[in-house]
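**Q** need a 3D model of the sequence below.
(4 chains)
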2 protein chains.
Amino acid sequence: MAASTLTEVARLAGVSPATASRVLNGSARTPGKDIAERVRQAADSLGYIPNAQAQGLAKSSSGLIGLIVHDIADPYFAAIARGVQDAAREQRKMVLLATTGGGPAEEKEAVAAFAARRADSIVIAGSRSCRAEDQEGNAQLAAELDRYCRNGGRVAVVGHPVVGATALEGYHVVEIPNQELAGRLATELAAGWDGDFVIIAGPESLYTSDDRVRGFQDGLARAGHRPAEVLRSAFNRSGGYEAGLQLAARIKAAAAGNPAAPKLCIFAVNDVMAIGAAAALRSEGLRIPRDASIAGFDDIETLRDFRPALSTVRLPLEDIGRLATRATRPRPAGQDQEAAPDEAVTGEVTLRRSTEAAAV
Amino acid sequence: MAASTLTEVARLAGVSPATASRVLNGSARTPGKDIAERVRQAADSLGYIPNAQAQGLAKSSSGLIGLIVHDIADPYFAAIARGVQDAAREQRKMVLLATTGGGPAEEKEAVAAFAARRADSIVIAGSRSCRAEDQEGNAQLAAELDRYCRNGGRVAVVGHPVVGATALEGYHVVEIPNQELAGRLATELAAGWDGDFVIIAGPESLYTSDDRVRGFQDGLARAGHRPAEVLRSAFNRSGGYEAGLQLAARIKAAAAGNPAAPKLCIFAVNDVMAIGAAAALRSEGLRIPRDASIAGFDDIETLRDFRPALSTVRLPLEDIGRLATRATRPRPAGQDQEAAPDEAVTGEVTLRRSTEAAAV
DNA sequence: ACGAATTGGGAAAGCGCATTCCCTCTGTTT
DNA sequence: AAACAGAGGGAATGCGCTTTCCCAATTCGT
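**A** Numbers count the residues shown, from 1 in each chain, chains lettered A, B, ... in the order given. As a prediction, this is how the structure comes out:
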């Protein structure tokens, strides 16, 4: 038994395929009550399921939303994905997932694949990079997105615009105020903290990381504090762990020389790195916040039960995913293009136990 | 500029669409070198991207793998999703994501949607339920899957077979030895532990939860231990938290009556619930493992830095996703159907600090 | 009450591609 | 040199559906 087709349904109901199509899918024209009922019954008895591919081909739109993330198992992206999924359901669409590992080349591939499937819109999450080695990849990604938009596709980028992408119609950016929030975090931490700050950052030229570093330094400056040293490492837990080991050695050396040495406050540019760093300190016998303070960024849900509770900046990740997805929805014709500006994303500095010595 | 079509490419290259199709997609017949080159150049200069919908319609196969999870932001499912994604890439396919919240009715919807899109295979993760209220949903889900399989679709279910599904060709189950592993965990914990055991379980009739409970009780019995009391709660963090509050009250009452009362060892049927329970105990001023032991199940990666380190059963979630996806790949024709049985999933009891008092 | 406007159904033309079938051209066999 | 096989290219058909366009049967207007 092959899947039954619209034609079969029509034949069984004794009508033309055109009529069957009109009743089974919302058309402008609605056939008569009795005929509609006959068609619906025929469809039911055959277990008819419309072929979405054929529908898509005929109306050149697929009901698909493409989502590009670095790694779906990373809780940051998983949270965004949940929001995207949620908004997709609102629009009665399905989401196509692509994980790229973060390289613009893979992202370009993913965009091409989505374009091939005629996805109605694409949401790109994950930090942009402007490293020299990524330059060509970025250019190709931008070109691919350009083409996709010109063909009527809609794109939303989370965080930072794609490098080199021209501001086309249908191209939206959901800005995350990384810099401002990092600045606020810094000033709150700097109040009543005399010791040094150290930043555990991601690789150079990663916008998310760079923005947070810059914002944090600005905040320190505003608080009249001297700038923090910046340690660069991988943008994940093990990056944080390695940097943490370095810092642990340094802290222990300082304490050996002068037991009353001022403590260090560590800012890791995301929660996962902060957790890694904390684990490293702990494995070296240091305690938080007794021997050092530490703060992260993102407020990952799964990590909220971590002890000592991690000071961080709460980001509404799920909302961000939702917002990005909604931004790609074509506005109702009556509405002015500028009437409904994209809602702004806001975060919230959340001080917890891991920086208690600093806050007091 | 609309997306260019194969016909346009063919015209530009001065060949027929048939030839263009043959060179741009691996066909059995390969046109001559020079012509192939001309076509490829034409395609390049037009930025041709094949329309996957049309291709799918023509060959009735879509290159899509459907993945059904309860919640993509749950680290358990996110880890599986990563494996699925990985295996999909191996097969040069894309994954379509559906999150259902766990109800069989929504799962049925998702299967229908995947069928409509002509997904080549479907992977269903997430616990089956046999509650009376889910009976009708389960039946409908089974029927939908049946139909999908009969139409040539391939299905892999993670964990427990769909209730009522007939063993059709193309229907695979990746068994997770929940019962056996829970039993092993119980015997290891029971060695050298005289106090009582309590199980924080999920809702009744949830197979994953029930299997783990049953296995744990069996293990206790094998170790000559009396059975554990079972507390039922929601299958997530807050369920664990609530059960934890109850237990905390009980522990404090017992300690008040008799300071030397034997301690409790808590087994939560998954890590997330265990973390919730631990948080509840801590909020009530109890310490782990000093005042109680606790163990989980799954060994969620993000939770490994939790302190005290959680005793649990490691499940190779990513592999499970990969295995399930591979199981849906049609076997090479030459191979015997039975020649390559699905690889078995194994887990590993991992005792850590949270049950140290028990293990010693 | 008669022509005009409207309604409701069907025929048919694609959407973009794969694929079968047919035709021509070249190279081989006796 | 005649007959044949095979290779390589094109015309045409169909995948399942949507959507004009067209036509017959109504209902409406003055």
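**Q** got the residues of the stretch 201-350 of chain A near chain B?
**A** Contact residues, the stretch 201-350 of chain A versus chain B (CB under 8 Å from any CB of the partner chain): A:237, A:272, A:275-276, A:278-279, A:282, A:300-303, A:305-307, A:318. Glycine gets a C-beta too; all of them are placed from N, C-alpha and C.
**Q** contact partners for the closest residue to A:Ala139 other than its chain neighbours?
**A** Leaving aside its sequence neighbours, A:Ala139 sits nearest to A:Gly164 (CB to CB, 6 or more residues apart in numbering or on different chains; 5.6 Å). The contact partners of A:Gly164, by CB atoms under 8 Å, 6 or more residues apart in numbering or on different chains, come to A:Asn138, A:Ala139, A:Ala142.
**Q** quick one: contacts of the helix or strand where A:Gln135 lies?
**A** In this structure, A:Gln135 sits in helix A:135-150 according to DSSP states H and E. By CB under 8 Å, 6+ apart, the residues outside helix A:135-150 that reach it are A:103-105, A:107-108, A:111-112, A:114-115, A:122, A:128-130, A:155, A:162-166, A:168-171, B:1, B:47.
**Q** repeat that for 7 Å
**A** Around helix A:135-150, the neighbours that count as contacts under CB atoms under 7 Å, 6 or more residues apart in numbering or on different chains are A:103-105, A:107-108, A:111-112, A:115, A:122, A:155, A:162-166, A:168-171, B:1, B:47.
**Q** and stretch A:202-217, by the same measure?
**A** A:127-131, A:159-160, A:178-183, A:185-186, A:199, A:201, A:227-228, A:230, A:232, A:235, A:239, A:267, A:269, A:297.
**Q** now do 6 Å
**A** Residues outside stretch A:202-217 that contact it (CB atoms under 6 Å, 6 or more residues apart in numbering or on different chains): A:127-131, A:159-160, A:178-179, A:182-183, A:186, A:199, A:201, A:227, A:235, A:267, A:269, A:297.
**Q** please state the offset of it from the chain centre?
**A** 17 Å (CA atoms, centre = their mean, to the nearest Å).
**Q** before we move on, back to that, keep only those of the residues of the stretch 201-350 of chain A next to chain B that are in strands.
**A** Per DSSP state E, strands hold no members of those.
**Q** and which of those is nearest to DNA strand C?
**A** The shortest gap between DNA strand C and any of these belongs to A:Glu318, at 35.8 Å (CB to the nearest atom of the strand).
**Q** residue boundaries of the strands in chain A?
**A** A:64-69, A:94-99, A:121-124, A:154-159, A:171-175, A:196-201, A:229-232, A:264-268, A:292-295, A:312-314, A:348-350.
**Q** of all those strands, which one is nearest DNA strand C?
**A** Closest among the strands of chain A, using CB to the nearest atom of the strand: strand A:64-69, at 15.6 Å.
**Q** state the pLDDT value of A:Ala358.
**A** If you check A:Ala358, the pLDDT there is 48.
**Q** and DNA strand D, which of the contacts of stretch A:202-217 reach it?
**A** Among the contacts of stretch A:202-217, no residue is within reach of DNA strand D (CB under 7 Å from any atom of the strand).
**Q** just the buried members of those residues?
**A** For those, a burial check counting by 16 or more other CB atoms under 10 Å in any protein chain shown picks out A:127-130, A:159-160, A:178-179, A:182-183, A:186, A:199, A:201, A:235, A:267, A:269, A:297.
**Q** from A:Leu67, how far out is the residue nearest to A:Ala139?
**A** To A:Leu67, A:Gly164 is 22 Å away according to CB to CB, to the nearest Å.
**Q** look up the closest residue to the residue in the stretch 201-350 of chain A that DNA strand D sits nearest to, ignoring the ones flanking it.
**A** Closest contact between the stretch 201-350 of chain A and DNA strand D, by CB to the nearest atom of the strand, is at A:Pro330 (15.0 Å). Nearest residue to A:Pro330 in three dimensions, chain neighbours excluded: A:Arg154, at 6.9 Å (CB to CB, 6+ apart).
**Q** show me what contacts that neighbour?
**A** Counting by CB under 6 Å, 6+ apart, A:Arg154 has contacts A:Ser121, A:Gly170, A:Thr328.
**Q** residues of stretch A:272-285 that come out buried?
**A** Quick answer for stretch A:272-285 (16+ other CB under 10 Å): A:Val272, A:Met273, A:Ala274, A:Ile275, A:Gly276, A:Ala277, A:Ala278, A:Ala279, A:Ala280, A:Leu281, A:Arg282.
**Q** any chance of the residues you listed in CSV, plus pLDDT and distance to A:Asp211?
**A** Below are the buried residues of stretch A:272-285 laid out as CSV (pLDDT from 0 to 100; distance: CB to CB, whole Å):
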residue, pLDDT, distance to A:Asp211
A:Val272, 96, 17
A:Met273, 97, 15
A:Ala274, 97, 17
A:Ile275, 96, 21
A:Gly276, 96, 21
A:Ala277, 97, 20
A:Ala278, 96, 23
A:Ala279, 96, 25
A:Ala280, 96, 25
A:Leu281, 96, 26
A:Arg282, 94, 29
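**Q** from A:Tyr171, how far out is the residue nearest to A:Ile68 when sequence neighbours are not counted?
**A** Spatial nearest neighbour of A:Ile68, chain neighbours left out: A:Ile124 (4.6 Å); criterion: CB to CB, 6+ apart. Using CB to CB, A:Ile124 is found at 11 Å from A:Tyr171.
**Q** looking at these two, which one has more neighbours?
**A** Shown here are A:Ile124 and A:Tyr171; by other CB atoms under 10 Å in any protein chain shown, A:Ile124 has more neighbours (24 against 21).
**Q** correct me if wrong: the more buried one contacts A:Gly159.
**A** No - checked against CB atoms under 6 Å, the pair A:Ile124 and A:Gly159 is beyond contact range at 8.8 Å.
**Q** what segments of the stretch 101-250 of chain A are helices?
**A** For the stretch 101-250 of chain A, helices defined by DSSP state H, counting those that start in this stretch occupy the ranges A:104-116, A:135-150, A:178-190, A:207-222, A:237-257.
**Q** can I get these in TSV including mean pLDDT?
**A** Output for the helices of the stretch 101-250 of chain A, formatted as TSV (pLDDT from 0 to 100):
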stretch	mean pLDDT
helix A:104-116	93
helix A:135-150	90
helix A:178-190	96
helix A:207-222	96
helix A:237-257	92
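**Q** can you redo those helices as a markdown table with distance to A:Leu24?
**A** Listed next are the helices of the stretch 101-250 of chain A as a markdown table, based on distance: least, CB to CB, whole Å:
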| stretch | distance to A:Leu24 |
| --- | --- |
| helix A:104-116 | 27 |
| helix A:135-150 | 31 |
| helix A:178-190 | 48 |
| helix A:207-222 | 46 |
| helix A:237-257 | 50 |
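**Q** can you tell me how far the residue of the stretch 251-360 of chain A found nearest DNA strand C is from B:Arg329?
**A** Nearest residue of the stretch 251-360 of chain A to DNA strand C (CB to the nearest atom of the strand) works out as A:Pro330 at 19.2 Å. Applying CB to CB, the value for A:Pro330 to B:Arg329 is 38 Å.
**Q** the more surrounded of these two?
**A** When A:Pro330 and B:Arg329 are compared for neighbours, B:Arg329 comes out ahead with 16 against 10, by other CB under 10 Å.
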